[in-house]
Structures are given as C-alpha cells and as structure tokens.
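Peer 1: my questions are about this predicted structure, shown below with the sequence.
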Amino acid sequence: MTGKERAKFRAQANALEPVCWLGKGGVGDAFIEQVDGALATRELIKVKVLLDTTPIDPRSAAQETAAKTGAEIIQVIGGVFVLYRYNPKLHEKKKVIPKKTLEKNRLTYYASVKSAKEHKDSLRRRQAAKKKAER
C-alpha cells in the first residue's frame with residue numbers, strides 16, 4: 001500500500017466511530033470473528049483498545065489482529081487502531097436496468113393490479129347478487 005493510499009484511508013477513518021472494542025479477553029477467537037465480520041462489510045474499521053484492562057499494548061494488538069484477519073494496519077494512535085481489508089464484493093458494478101424495461105414492468109404491474117381489482121369487484125357483485133336472490 002502506498003503512502004498516498006494510507007493517507008486517504010487515515011482521512012476517511014478520522015470520521016469513523018470505533019466498531020470493535022478490545023478488552024480484558026485480549027485478541028481471542030471471538031474478537032477476531034467480530035473484526036473479520038466488520039471488515040467484510042465495511043473494509044475500513046476503527047478498533048478501540050481499553051488500555052486499563054487489555055493485557056497487550058495497542059500496537060501489538062493491531063499487528064496480531066491484522067495477521068489473523070489478513071488486513072493492513074493504517075494507523076495506531078493511543079488506544080485506537082485502524083484496519084483496512086479490500087473486499088471485491090463491495091466494488092462490483094451493480095446491474096443497470098434499462099429505463100424502457102422499467103417502464104414496461106411498471107405498466108405490466110399496474111395492468112395486473114387493475115385486473116385484480118376488477119376481478120375482486122366482479123366477485124363482490126356476484127356475491128351481492130347471490131345474497132339478494134336468496135332473500
């Protein structure tokens with residue numbers, strides 16, 4: 001990762017709130033699962049280390065977490081570190097539906113709704129006629 005990329009991610013991470021907190025449990029399996037899930041959905045996450053209770057310092061916690069999750073360390077400042085892991089699924093191009101197709105589908109939908117309403121109305125009329133004939 002280049003310095004410019006790292007600087008861009010640092011700037012983005014400035015506005016982020018911590019997603020995970022590292023406490024007395026240290027870097028365990030549950031913490032790694034939580035960080036891995038957050039990286040899968042967000043790519044860039046901020047992790048807060050509770051300095052009073054954590055058995056290891058923030059830099060070594062960041063290194064261990066990055067090694068286990070396959071992420072890169074963007075920065076470590078005080079009790080906070082930022083991780084980044086590229087997720088190709090988040091960068092896939094979305095399928096664009098042509099406007100004509102949307103209009104055609106919309107018209108088909110409205111036609112089906114209209115015919116359904118007409119069908120319900122005709123059923124109501126038949127039921128009302130049956131009740132009237134029974135009296």
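Peer 2: It's in.

Peer 1: any idea how far the helix or strand where Ala30 lies is from the middle of the chain?
Peer 2: Element membership for Ala30, per DSSP states H and E: helix 29-42. Remark: helix 29-42 is offset 12 Å from the chain centroid, using CA atoms, centre = their mean, to the nearest Å.

Peer 1: can you give me the angle the following helix or strand past that helix makes with helix 29-42?
Peer 2: With elements assigned by DSSP H and E, the helix or strand that comes after helix 29-42 is strand 44-49. Between strand 44-49 and helix 29-42, the angle comes out at 150 degrees (axes from the mean of the first three to the mean of the last three CA atoms, to 10 degrees).

Peer 1: give me the sheet partners of strand 44-49 and which way each runs.
Peer 2: strand 20-22 (parallel), strand 80-84 (antiparallel) (DSSP bridges).

Peer 1: so what touches stretch 48-55?
Peer 2: Stretch 48-55 has contacts (CB atoms under 8 Å, 6 or more residues apart in numbering) with 18, 20-24, 26, 58, 61, 79-81. Where you see a C-beta, it was placed from the backbone N, CA and C, and this is true even at glycine.

Peer 1: now flag whichever of those residues is closest to Ala133.
Peer 2: Lowest distance from Ala133 to the contacts of stretch 48-55 (CB to CB) belongs to Cys20, with 71.3 Å.

Peer 1: relative to Leu44, which of the strands paired with strand 44-49 is closest?
Peer 2: Closest to Leu44 of those is strand 80-84 (CB to CB; 5.0 Å).

Peer 1: convert the closest one to PDB, retaining C-alpha atoms only.
Peer 2: C-alpha atoms of strand 80-84 as PDB (Å, rounded to 0.1, in the frame of the first residue of the first chain):
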ATOM      1  CA  VAL A  80      -7.100   3.300  18.800                       C
ATOM      2  CA  PHE A  81      -6.000   1.500  15.600                       C
ATOM      3  CA  VAL A  82      -7.500   1.400  12.100                       C
ATOM      4  CA  LEU A  83      -7.500  -1.600   9.800                       C
ATOM      5  CA  TYR A  84      -8.300  -2.000   6.100                       C
END
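
Peer 1: if you count neighbours, what's buried in that strand?
Peer 2: 80-84 (16 or more other CB atoms under 10 Å).
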